[in-house]
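J.: for reference, the sequence and a predicted model appear below.
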Amino acid sequence: MTDKLRYRLITGPDDATFCARISALLAEGYRLHGSPSVTYDGNTVIAAQAVVLDD
């Protein structure tokens, strides 16, 4: 796939790697859409953040 998706939901452990993924998408022109969500699976805090790319 060569086209960027207009909407993406990024999920993963709430750590520096997750933050770097979001930061990289922001640098590509995506913007945050809504607030992040977090949950705890008994071992790890899992984060989710939606990002959108405007036309």
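T.: Looks like it arrived, so ask away.
J.: every contact and neighbour count from this point should use C-alpha atoms.
T.: Noted.
J.: hang on, isn't Gly34 packed against Leu9?
T.: No. Between Gly34 and Leu9 there is no contact under C-alpha atoms under 8 Å: 10.9 Å.
J.: which neighbours do those two have in common?
T.: In terms of C-alpha atoms under 8 Å, 6 or more residues apart in numbering, Gly34 and Leu9 are both contacted by the residues Gln49, Ala50.
J.: where does the residue nearest to Thr11 when sequence neighbours are not counted land in three-state SS?
T.: Nearest residue to Thr11, sequence neighbours excluded (C-alpha to C-alpha, 6 or more residues apart in numbering): Ala48, at 4.3 Å. Under the three-state scheme (DSSP: H, G, I helix; E, B strand; the rest coil), Ala48 adopts strand.
J.: with Ile22 instead?
T.: At Ile22 the chain is in helix, as set by three-state DSSP.
J.: ok, now which ones touch it?
T.: So Ile22 contacts Ile10 (C-alpha under 8 Å, 6+ apart).
J.: give me the number of residues near the closest residue to Leu5 other than its chain neighbours?
T.: Closest residue in space to Leu5, ignoring its immediate chain neighbours: Leu53 at 7.3 Å, by C-alpha to C-alpha, 6+ apart. Counted by other C-alpha atoms under 10 Å, the residues lying close to Leu53 total 17.
J.: phi, psi of Thr17?
T.: Dihedral pair for Thr17: phi -70, psi -40, per degrees, to the nearest 10.
J.: just give me the neighbour total for it.
T.: Neighbours of Thr17 under the rule other C-alpha under 10 Å: 11.
J.: what about it, distance to Asp54?
T.: Plainly put, Thr17 is 25 Å away from Asp54 if you go by C-alpha to C-alpha, to the nearest Å.
J.: gap between the residue in the chain sticking out farthest from the centre and Arg21?
T.: For the chain, the residue at maximal distance from the C-alpha centroid (C-alpha atoms, centre = their mean) is Gly42, at 21.5 Å. If you measure Gly42 against Arg21 using C-alpha to C-alpha, the figure is 24 Å.
J.: before we move on, back to that, show me the beta-bridge partners of the residue nearest to Thr11.
T.: Here Ala48 shows beta-bridge partners Thr11, Ser37, assigned using DSSP bridges.
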